[in-house]
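In: just need the structure, nothing else, for what follows:
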Amino acid sequence: MKLHEIADKPGATKTAKRIGRGPGSGKGKMGGRGIKGQKSRSGVAINGYEGGQMPIYRRLPKRGFTNAPFSKNHAVINLGIIEKFIAAGKLDASAPITEDLLVASGAVRRKLDGIRVLAKGAITSKVTLEVTGASKAAIAAVEAAGGSLKVSAPEAAAAE
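Out: Below you'll find the model as predicted:
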């Protein structure tokens with residue numbers, strides 16, 4: 001086999017229809033666009049236009065609420081990850097673990113609007129955590145292990 005012998009399988013490629021190349025092509029003169037009108041011209045974008053009928057995006061009811069200007073985006077960490085970093089010696093369980101320490105150790109990439117602790121995984125070390133938010137289950141798990149979890153933003157802690 002040589003390079004010039006390699007070809008696609010039959011039907012794998014299809015030649016593009018050449019439009020506006022004379023009457024013999026079958027798509028000559030006006031190139032299949034008809035006579036006059038908006039769609040015969042170039043630069044037409046009438047997506048969502050339904051011929052004067054009420055468009056579907058206006059017929060359907062609006063639902064929900066977006067709290068975009070005031071929404072908070074928290075970095076999330078699970079208790080299992082904190083325990084893993086303590087076992088690896090990257091975090092010290094005897095000293096209070098703050099958000100800055102979590103970022104410095106590499107447990108969390110960046111703080112964003114704060115760090116929120118979730119209860120996935122088990123924690124056995126007696127730790128003191130100081131974070132922006134935590135789930136109720138995470139607070140209960142840390143206290144069950146003999147530690148404490150201080151939340152600096154109470155509105156973030158209540159939401160689970």
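
In: residues touching the residue most central in space within the chain, list them.
Out: By Cα atoms, centre = their mean, the chain has its centre lying nearest to residue 73, at 11.9 Å. By Cβ atoms under 8 Å, 6 or more residues apart in numbering, the contact set of residue 73 is 112-113. All C-beta atoms are positioned from the backbone trio N, CA, C, and that covers glycine.

In: do you know how far it is from residue 115?
Out: Counting by Cβ to Cβ, to the nearest Å, the separation of residue 73 from residue 115 is 11 Å.

In: how's this structure carved up into domains?
Out: 18-64, 69-158 (automatic domain parsing).

In: for the protein, which segments count as strands?
Out: Ranges of strands within the chain are 75-78, 97-98, 115-118, 128-131, 133-134, 148-151, based on DSSP state E.

In: out of these, flag the one nearest residue 106.
Out: Closest of the strands of the chain to residue 106 is strand 75-78, at 11.2 Å (criterion: Cβ to Cβ).

In: what mean pLDDT does the closest one get?
Out: Averaging pLDDT along strand 75-78 yields 94.

In: and of the domains of the chain, who's closest to residue 10?
Out: Of all the domains of the chain, domain 18-64 comes closest under Cβ to Cβ, at 21.3 Å.

In: out of everything not next to it in sequence, what's closest to residue 98?
Out: Nearest residue to residue 98, sequence neighbours excluded (Cβ to Cβ, 6 or more residues apart in numbering): residue 130, at 4.9 Å.

In: residues touching the one you found, list them.
Out: Residue 130 makes contact with 96-99, 150, 152, according to Cβ under 8 Å, 6+ apart.

In: mind checking pLDDT for it?
Out: 92.

In: from residue 96, how far out is it?
Out: Counting by Cβ to Cβ, the gap from residue 130 to residue 96 is 6 Å.

In: over to residue 34?
Out: Per Cβ to Cβ, residue 34 is found 75 Å from residue 96.

In: more neighbours, the two?
Out: When neighbours are counted by other Cβ atoms under 10 Å, residue 34 and residue 96 differ, and residue 96 comes out ahead with 13 against 9.

In: any low-confidence regions in the protein?
Out: Residue ranges of the chain with pLDDT under 70: 153-160.
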